[in-house]
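*Asks:* how would this look folded up:
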Amino acid sequence: MDSKILLLISIVTLNSTITTFGYLIHDDWIVLRELSESCENDFDCLKLSFAKCNKNKKCECINNFIASDRFKCLPLIGGYCTEDKNCLINNSVCVNRACKCKPKFFEKSNRCIPTTLWKSCETDDDCNSIFHAECSKNKTCICRRNTIVVNDAMCQPLLGGFCWNNEPCAASNSICMNNECKCKKNYVSVAKHECVLSFLGKTCKRDRDCLEIRLARCSENNTCICETYKISHGHKICLQVLGENCLEDKDCASRSALCINSKCRCAPNYVPISDYECLEQWKYNLYAGL
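*Replies:* Next up, the predicted model:
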């Protein structure tokens, strides 16, 4: 059977506008459709970016896009974009190829609503347009305890904080379960705002079985353990000892260490007293003089 030959037919006008009229499959001329016009397959809707032929055989916009006229589908919040003017919703902008509300606006039912955070208030009711906000002693709307400001516009609960069912939680890899923000299955908390995979001690056959845990390997006992010269932190993650490579401060085992020039080193005014511990210089001098 011969394969289909697809040829788009377009005309570029003097003002550089590209108009696509149809396509040829073998010798058959097929006219491209507009939104809500009849179609047989997605090819018929090619004239429209981000459109498809639906089950009722009509051209319609794909999910997260909405018709701005008969010929164009524009993204809603979360939809794909390349520049700000692609985003249809008022007060939305294109950030990392997705339409998002501007700072100090939050999304609600595909609208970008101005926040009441930092606005004047008399009671908590004046702040109730934002979940988890309250009126402070200084009479301004702020996020409640155990929540964090997101996009300078809304409050999201941290781990252990109250949440409404299906509400996003601030911590990475967390969910709202029984009205409380918790780490997802197989994740553990390393801070109120972060959950990481916890597989130290799980069964393995080879090192690649432990790839989910940074700086871990498969031991002779066929369990995931930290690599040599790495420290287990709470049986959850592996951290670097002093002098080892790092990407950021939290990679280092010592609380008094920093990631400096990609190496774990004691912070200024601290000195190493072991492979994974730093002591303040004045304390070290005091003990050394005893």
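
*Asks:* Excluding chain neighbours, what is closest to the residue nearest to the spatial centre of the chain?
*Replies:* Compute the mean C-alpha point of the chain, and by CA atoms, centre = their mean the closest residue is S172, 7.8 Å away. Taking CB to CB, 6 or more residues apart in numbering, and ignoring the residues beside it in sequence, S172 has E194 as its nearest neighbour in space, at 5.5 Å. Glycine gets a C-beta too; all of them are placed from N, C-alpha and C.

*Asks:* Now do the contacts for that neighbour.
*Replies:* Contacts of E194 were listed using CB atoms under 8 Å, 6 or more residues apart in numbering, and they are A171, S172, N173.

*Asks:* per-residue pLDDT, L24?
*Replies:* On pLDDT, L24 comes in at 44.

*Asks:* try the one 10 residues further on
*Replies:* The per-residue pLDDT reported for E34 equals 81.

*Asks:* returning to that earlier point: and the gap between the residue nearest to S172 and E40?
*Replies:* Separation of E194 from E40 (CB to CB, to the nearest Å) stands at 50 Å.

*Asks:* just K185 next, same as before
*Replies:* 44 Å.

*Asks:* Which one of those two is surrounded by more residues?
*Replies:* For K185 versus E40, the count of surrounding residues by other CB atoms under 10 Å is larger for E40: 11 against 8.

*Asks:* OK, contacts around the more buried one?
*Replies:* By CB under 8 Å, 6+ apart, the contact list for E40 reads C53, K57.

*Asks:* Assumed it was part of a helix.
*Replies:* No: counting by DSSP: H, G, I helix; E, B strand; the rest coil, E40 is not found in a helix; it is coil.

*Asks:* State the phi and psi torsions of the spatially closest residue to L215 that is not a sequence neighbour.
*Replies:* Residue nearest to L215 in three dimensions, not counting chain neighbours: C238, with 3.8 Å by CB to CB, 6+ apart. Backbone geometry at C238, expressed as degrees, to the nearest 10, gives phi -110, psi 140.
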